[in-house]
Each structure stands twice: as C-alpha cells, then as structure tokens.
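>>> I'll drop the sequence and a predicted model, then ask my questions.
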Amino acid sequence: ALARHLQGTRGITLDGLVLVSPGLNFQTLRFDIGNDTPFWLYLPAYTATAWHHRRLSGPLAEDLEAALRAREAFAGGEYLTALAKGDALSDEERTRIARRVAELTGLSEGFVLRSDLRVSIGNFTKELLREQGRTLGRLDSRYTGIDRNEIGATPEFDPSYAAIQGPYTAALNAYVRGELKFQSDLNYEILTGAVQPWNYAPNVNRYANVAEGLRSAMSQNRHLRVHSALGYYDLATPYWAMLHTKRHLNLDPSLRGNLSESFYRSGHMMYVREEDLAGLKRHVEAFYAGAATAPATTG
C-alpha cells in the first residue's frame, strides 16, 4: 500500500521492499464462520509447531522440511477439497481427513473431528500440549505458557508476547531517553489497538487486503523487487498464507521473478533467535545489493 501510494501520489519509485512476517490479505488470517481459507493455510505452521514440540511420529518426526512438504501437499489438495464440500462430506471421507490432519498436527483424531476438521489458532495453541499443562505462543509457537488450569478452549495469554514485551519496552525506553535524550511521560506502546482501532462491528468488512496495491506497484514499476522474510513458527501471519497471497497476485509472468522469500526456524520476529538474526541480515543485505544494482525492466 505504501509503495503504491508513494508512486501514485509522490512520484517516488522504490527499488525494493522487504516484508518481515507480512500478512497482506486478512481473509487468509481471520478464523470466521463461513471463511475456510485460514484453516488450510495454517496447517503447515501447525505441522512445524508439532515437529518442534516432538508431537509428530514416524518419518514426519525426522525432518522438518519433509514434514512441511507433506503438509503443504495435503493442505492444498485433499484437505481443501474436504472443507469445500461442507456437510456433503461423507462420514468415511470425514474420518479419513481427520486422521490425516491428526497425523500432521500432533492433535488427536477425536479433537479434529469435534472441531469439524477446522482448528483455529486458539484451539490449537491450547490443545497441543494440554496433557503437559502448557499452552503455545501465537507470535512464536516455540514458546510455552502456563494457564490457571488445563481446561478451556483457548490460552489465557500469548507466552511468546509475554516473553518479549518487557525486554522490548526496556530497550526502547533506554534508547529514547538515554541515547536520544528525548523525555516524555507518554507510555511506549509495544502493541496496542488504542492508537488506531480497527472497526470490526457487525456487517463491516473484516478482510483488509493490500495485495492488489502490491501488484499495481510492481506492474507500474517493473524494477521493484519484493522479498518476504517468513518464520515457520509464526501463527500470527503464517508463511504459507503469504505464499498463497503471492501466488494469487495475478502478476505478469515477466514480473514473478521479482518476488523472493527466506525462511527461518522461528516465529513472527525471527530475529529473537540469534541464528536467524544473523540469517536475516545476510538475506536482506544480499537483497539490498541486488535491488540497487539490477537494471530497469523494459519490453
């Protein structure tokens, strides 16, 4: 949206965009009645989470990449078809799909069936380690939390956000007040809906979508390159949802090579894992260098 705005209203063209854990189309992210899209797009992230917490068995437990490829093939094939059938799905098909979902997520077949084959973020992060008395993070599903008790449908809080909120707040305040010498009694809001609340009243469109802005910007400026940094354990904006969005930009074939991705074994903020902080730096430095030296596209 910013790239299209700068190009269309200010005449400022960009060489490249780096999108860190992006979510361009909210229809891929919001678990609403009547919207089956996120249920199948989240499944690969569920598989990655189950792999990390050792909830997979057999060959799937041995290699994360292989487990993800198996999940992606199933999610975009049989599982998507089953969701599309709705109540027309036969009992035999329902049982078979539930068994496969259970194998690839670490959940029980019974839980998947009771969920009507549709497992939301909150249900997954509460259920996967319920027997251990632990919940999972939304921003980063590697993190675990402890609720008041083990019942309930969703976690009381996001343990991954709880882990970073304090350090991030302290670091920002120290930097602003200590190094920049800016003094203010205002609180620094790490994450809040108070600044510009979304209007999600009944009958209001909940699915913000800026993907078309990206397509328009890239079509008008064929030099523009876009790199997405994606974490496998991100349950806020899962990596496969972004790949789905990019596959549906309807870009001209000559522009599709301007899209690239890098993947990390961490969550929404991959830089909290030191190895991925270094990896992100390498990837974006290479991208910056390429975007700055690439010739303008013609023809």
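All right, it came through fine.
>>> output the below-cut-off pLDDT ranges for this structure.
Applying pLDDT under 70 to the chain picks out residues 195-204, 292-299.
>>> would you map the strands across it?
Ranges of strands within the chain are 16-20, 135-136, 144-145, 225-231, 259-264, based on DSSP state E.
>>> partner strands of the third one, with direction?
Here strand 144-145 has these sheet partners by DSSP bridges: strand 135-136 (antiparallel).
>>> what comes into contact with the strand it pairs with?
Strand 135-136 is contacted from outside by 49, 53, 124-126, 128-129, 143-147, 155-156, 159, 235, using CB atoms under 8 Å, 6 or more residues apart in numbering. For the C-beta atoms, the positions are set from N, CA and C on the backbone; glycine is no exception.
>>> what segments of the stretch 1-150 of the chain are helices?
2-5, 37-41, 43-52, 64-74, 80-85, 91-105, 109-114, 121-127 (DSSP state H, counting those that start in this stretch).
>>> compute the inter-axis angle for the longest one and helix 43-52.
Here helix 91-105 points in a direction 50 degrees away from that of helix 43-52 (axes from the mean of the first three to the mean of the last three CA atoms, to 10 degrees).
>>> quick one: buried residues of helix 91-105?
By neighbour count on 16 or more other CB atoms under 10 Å, the buried set for helix 91-105 is 94, 97, 98, 100, 101, 102, 103, 104, 105.
>>> so which elements touch that helix?
helix 43-52, helix 64-74, helix 80-85, helix 109-114 (3 or more CB pairs under 8 Å, 6 or more residues apart in numbering; DSSP states H and E).
>>> deepest of those helices, which one?
helix 43-52 (a mean of 26; mean count of other CB atoms under 10 Å).
>>> CA atoms only: put it into PDB for me.
Coordinates of the C-alpha atoms in helix 43-52 are reproduced here as PDB (Å, rounded to 0.1, in the frame of the first residue of the first chain):
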ATOM      1  CA  LEU A  43      -1.900 -26.300   8.700                       C
ATOM      2  CA  PRO A  44       1.800 -26.200   7.600                       C
ATOM      3  CA  ALA A  45       2.600 -23.900  10.600                       C
ATOM      4  CA  TYR A  46       0.700 -26.300  12.800                       C
ATOM      5  CA  THR A  47       2.900 -29.100  11.500                       C
ATOM      6  CA  ALA A  48       6.100 -27.100  12.100                       C
ATOM      7  CA  THR A  49       4.900 -26.400  15.700                       C
ATOM      8  CA  ALA A  50       4.100 -30.100  16.300                       C
ATOM      9  CA  TRP A  51       7.500 -31.000  14.900                       C
ATOM     10  CA  HIS A  52       9.300 -28.600  17.200                       C
END
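>>> hang on, the earlier thing: how about the buried residues of helix 91-105 in TSV, adding distance to residue 182?
Below are those laid out as TSV (distance: CB to CB, whole Å):
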residue	distance to residue 182
94	59
97	56
98	55
100	55
101	51
102	53
103	54
104	49
105	47
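>>> need the helices of the stretch 1-150 of the chain in TSV with distance to residue 252, can you?
What follows is these, written out as TSV (distance: least, CB to CB, whole Å):
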stretch	distance to residue 252
helix 2-5	16
helix 37-41	25
helix 43-52	28
helix 64-74	25
helix 80-85	26
helix 91-105	35
helix 109-114	40
helix 121-127	35
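>>> so which of those helices is nearest residue 290?
helix 2-5 (17.4 Å; CB to CB).
>>> report the buried residues of that closest one.
Buried, per 16+ other CB under 10 Å, within helix 2-5: 3, 4.
>>> mind checking how far residue 73 is from residue 100?
Counting by CB to CB, to the nearest Å, the gap between residue 73 and residue 100 amounts to 11 Å.
>>> what sits against the closest residue in space to residue 220 that isn't next to it in sequence?
In space, and not counting its chain neighbours, residue 220 is closest to residue 7: 5.9 Å by CB to CB, 6 or more residues apart in numbering. Residues in contact with residue 7 (CB under 8 Å, 6+ apart) are 13, 14, 217, 220, 221.
>>> how many neighbours does the last one have?
Residue 221 is flanked by 20 other residues according to other CB atoms under 10 Å.
>>> thought it was touching residue 13?
Yes: Residue 221 lies in contact with residue 13 (CB atoms under 8 Å); the separation is 4.8 Å.
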